[in-house]
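1. sequence and computational prediction follow.
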Amino acid sequence: MHEPNVVSWTSLMSGYVNMGRPQSVSWLYTKMSESEVSPNGFTLATVINSCSILADLKTGKMVHAHVHILGLQGNLVVCSSLVDMYGKCNDVDGARMVFDSMSCWNIVSWTAMIAGYAQNGKGYEALEVFREFSSYIMERPNHFMLASVINACAALGRLVSGKVTHGAVIRGGYELNEVVASALVDMYAKCGSFLYSKKVFRRIRNPSFIPYTSMIVGAAKYGLGKLSLKLFEEMTDRKVMPNDVTFVGILHACSHSGLVDEGLGLLNSMHEKHGVMPDVRHYTCVVDMLSRVGRLDEAHKLAKSTRVNPNEGALLWGALLSSSRLHGRVDIAVEASKWLIEYNQQVAGAYVTLSNTYTLAGEWENAHSLRTEMELVGVHKEPGCSWIEIKDSIYVFYAGDLSCERGDEVISLLRELERRMMERGCVGGSTGLVFVDVEQEVKEKIVGLHSERLALAFGLISIPKGVTIRVMKNLRICSDCHEAFKLISMIVERDFVVRDVNRFHHFKDGSCTCKDFW
DNA sequence: ATAGGGTTAG
């Protein structure tokens, strides 16, 4: 063309986006800026879209400035693409700023905002925006919006909201939409209803690799590794091609169900049989798989030979670290935590796990000095929490704290469960520790000492099968008792089961602090 | 010539 106009430029850019080459768009945009032709809203929306795909926030912000220079801040399509771009670049606040600055909205802009929150793990905000949409806008949500809302419910583990949204899907007639169905499969699995996942999945006609992947991951989370393998087999039999994520899912499943040979076989067949090149995520699963079953040297070797950036390495070395602790491999734990701390990844967790590894190995002084170092450096480990939704209330449980709403009921239910376990031959104590398969004498000793809220005697207690347990001296139960009991459970976990560690939070001993454990 | 949805490792 002698004189390409704005439509020619934009068409070319759009063509590159459609052909999966968004990288070329910013180059074209630069070229265009050097020409006489000035971009319009169509051009900017296309360029911004390419930034979304590439998650290129820097270019995206630059183009955002051009939006203002060209006076296009009132253009609905341009603004919606900006909301989407900021969301895809993990800048939800940026997305919200654009969204709030808009003078009119349509279902696309609302969906972009909801999806932005949902994709960034901000399920609560996503549902809040959806609620606002539902109350102000006299328009039914479409399948795009519903998929994002279901995604938000999944992230929050909100089964009831998820079911309500499923109702909206049925009313809207979107049941047969595969994207919506995939979101539902994933949501039900994450919300504790794998049975519903299966039901929704089986209604999908010719499921693609994405619903299959959701099911494989879902089954894995429920400990059904064999089912994950069966689903994988089913999909390949039906000539549905697995992608990289499918392999992350299936290796994750093998890892969590101890299916090591199957997992290794899949890793080796990935490339030649399915055309998917294994990357760091797959090796992370395999490192985890090998190390969980105690094949730490192989896992270690694989970890060292995998090139990673800090973010990827956090997961790979984190997996190795946690298994090193589990199997008492101080040498590997030291190396793994060194890596994590050096690259500033999960520092507090790395300190705690390494310290616990020392403890498991009986290296009390190393454990102690690490705790001191943590305090010196000012590293603090935030306690984790879980939550469950019952009817329309959400109950949150922090590690070591049962002073939550209806905590008393929780405690009495736990006691009832414990009583039933005892009836079935599991052994327990009134203090809440439940031991399985342990000699009566040992049990009494531990339970007895514990119930007096005193130190567990230092030394070695022999238990049958030639296993020894180390128990610490002067271990007092104090306000930070969760740590203490985590420690106990860690020491003994291979030999008997300690449950219900959190219950001891009520035993407070003002005279000691966390430091006294060590 | 332009904007929105589902799967992902400790």
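-> Structure's in. What do you need?

2. which parts of the stretch 101-250 of chain A sit against DNA strand B?
-> A:106-109, A:111-112, A:115, A:118-119, A:142-145, A:147-148, A:151, A:154, A:174, A:177-183, A:186, A:208-211, A:213-214, A:217, A:243-246, A:248-249 (Cβ under 7 Å from any atom of the strand). To be clear about C-beta, it is placed using only N, CA and C from the backbone, and glycine gets the same treatment.

3. quick check on those residues: which are buried?
-> A:107-109, A:111-112, A:115, A:118-119, A:143-145, A:147-148, A:151, A:154, A:174, A:177, A:179-183, A:186, A:210-211, A:213-214, A:217, A:244-246, A:248-249 (16 or more other Cβ atoms under 10 Å).

4. which parts of the stretch 101-250 of chain A are strands?
-> Counting by DSSP state E, counting those that start in this stretch, the stretch 101-250 of chain A has no strands at all.

5. from A:Ala95, how far off is A:Trp110?
-> 12 Å (Cβ to Cβ, to the nearest Å).

6. just the element for the closest residue to DNA strand B within the stretch 351-500 of chain A, please.
-> Relative to DNA strand B, the nearest point of the stretch 351-500 of chain A is A:Thr353 (7.5 Å; Cβ to the nearest atom of the strand). Per DSSP states H and E: A:Thr353 is located in helix A:347-360.

7. off-centre distance for the next helix or strand after that helix?
-> The helix or strand immediately downstream of helix A:347-360 is helix A:364-377, counting by DSSP H and E. Put simply, helix A:364-377 sits 29 Å off its chain's centre (Cα atoms, centre = their mean, to the nearest Å).

8. what about A:Lys273, how many residues close to it?
-> 11 (other Cβ atoms under 10 Å).

9. who's in contact with the residue lying closest to A:Ser355 once chain neighbours are set aside?
-> Among residues not flanking A:Ser355 along the chain, A:Leu370 sits closest, at 4.3 Å (Cβ to Cβ, 6 or more residues apart in numbering). By Cβ atoms under 8 Å, 6 or more residues apart in numbering, the contact list for A:Leu370 reads A:351, A:354-355, A:358.

10. reformat these as JSON lines; add distance to A:His2 and neighbour count.
-> Below are the contacts of A:Leu370 laid out as JSON lines (distance: Cβ to Cβ, whole Å; neighbours: other Cβ atoms under 10 Å):
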{"residue": "A:Tyr351", "distance to A:His2": "67", "neighbour count": "21"}
{"residue": "A:Leu354", "distance to A:His2": "68", "neighbour count": "24"}
{"residue": "A:Ser355", "distance to A:His2": "72", "neighbour count": "24"}
{"residue": "A:Tyr358", "distance to A:His2": "75", "neighbour count": "23"}
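
11. turn these into CSV, columns for pLDDT.
-> Output for the contacts of A:Leu370, formatted as CSV (pLDDT from 0 to 100):
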residue, pLDDT
A:Tyr351, 92
A:Leu354, 93
A:Ser355, 90
A:Tyr358, 90
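
12. picking up where we left off before, wait, the residue of the stretch 351-500 of chain A closest to DNA strand B touches A:Ser323, no?
-> No: counting by Cβ atoms under 8 Å, A:Thr353 stays clear of A:Ser323, with 10.2 Å between them.

13. between the two, who's got more neighbours?
-> A:Ser323 (25 against 22).

14. helix, strand, or coil at that one?
-> Per DSSP: H, G, I helix; E, B strand; the rest coil, the secondary structure class of A:Ser323 is helix.

15. report the contact partners of the closest residue to A:Asp288 other than its chain neighbours.
-> In this structure, A:Asp288 finds its nearest non-sequential neighbour in A:Ala319, 4.0 Å apart by Cβ to Cβ, 6+ apart. With contact taken as Cβ under 8 Å, 6+ apart, A:Ala319 is in contact with A:284, A:287-288, A:291.

16. any low-confidence regions in chain A?
-> Scanning chain A for pLDDT under 70 picks out the ranges A:383-394, A:398-405, A:410, A:414, A:417-518.

17. at 50 what do you get?
-> For chain A, residues meeting the criterion pLDDT under 50 lie at A:426-518.

18. which residues sit in contact with the residue nearest to A:Ser322 when sequence neighbours are not counted?
-> Among residues not flanking A:Ser322 along the chain, A:Thr353 sits closest, at 6.1 Å (Cβ to Cβ, 6+ apart). Contacts were defined as Cβ under 8 Å, 6+ apart; by that measure A:Thr353 touches A:321-322, A:325, A:333, A:337.

19. do the same with A:Leu302
-> A:283, A:286-287, A:290.

20. among the residues of the stretch 101-250 of chain A next to DNA strand B, which are in helices?
-> A:107-109, A:111-112, A:115, A:118-119, A:143-145, A:147-148, A:151, A:154, A:178-183, A:186, A:209-211, A:213-214, A:217, A:244-246, A:248-249 (DSSP state H).

21. centre of the chain to stretch A:42-52, how far?
-> Using Cα atoms, centre = their mean, the offset of stretch A:42-52 from its chain centre is 31 Å.

22. whether that stretch contacts DNA strand B - can you check?
-> Yes: Stretch A:42-52 lies within reach of DNA strand B by Cβ under 7 Å from any atom of the strand, at A:42-43, A:45-46, A:49, A:52.

23. compare these and tell me which is most surrounded.
-> A:Thr43 (27 neighbours).

24. what about the closest residue in space to that one that isn't next to it in sequence, distance to DNA strand B?
-> In space, and not counting its chain neighbours, A:Thr43 is closest to A:Thr10: 4.6 Å by Cβ to Cβ, 6+ apart. Distance from A:Thr10 to DNA strand B, counting by Cβ to the nearest atom of the strand, to the nearest Å: 4 Å.

25. in three-state terms, label A:Thr10 for me.
-> Applying three-state DSSP: A:Thr10 is helix.

26. how close does it get to A:Arg140?
-> 32 Å.
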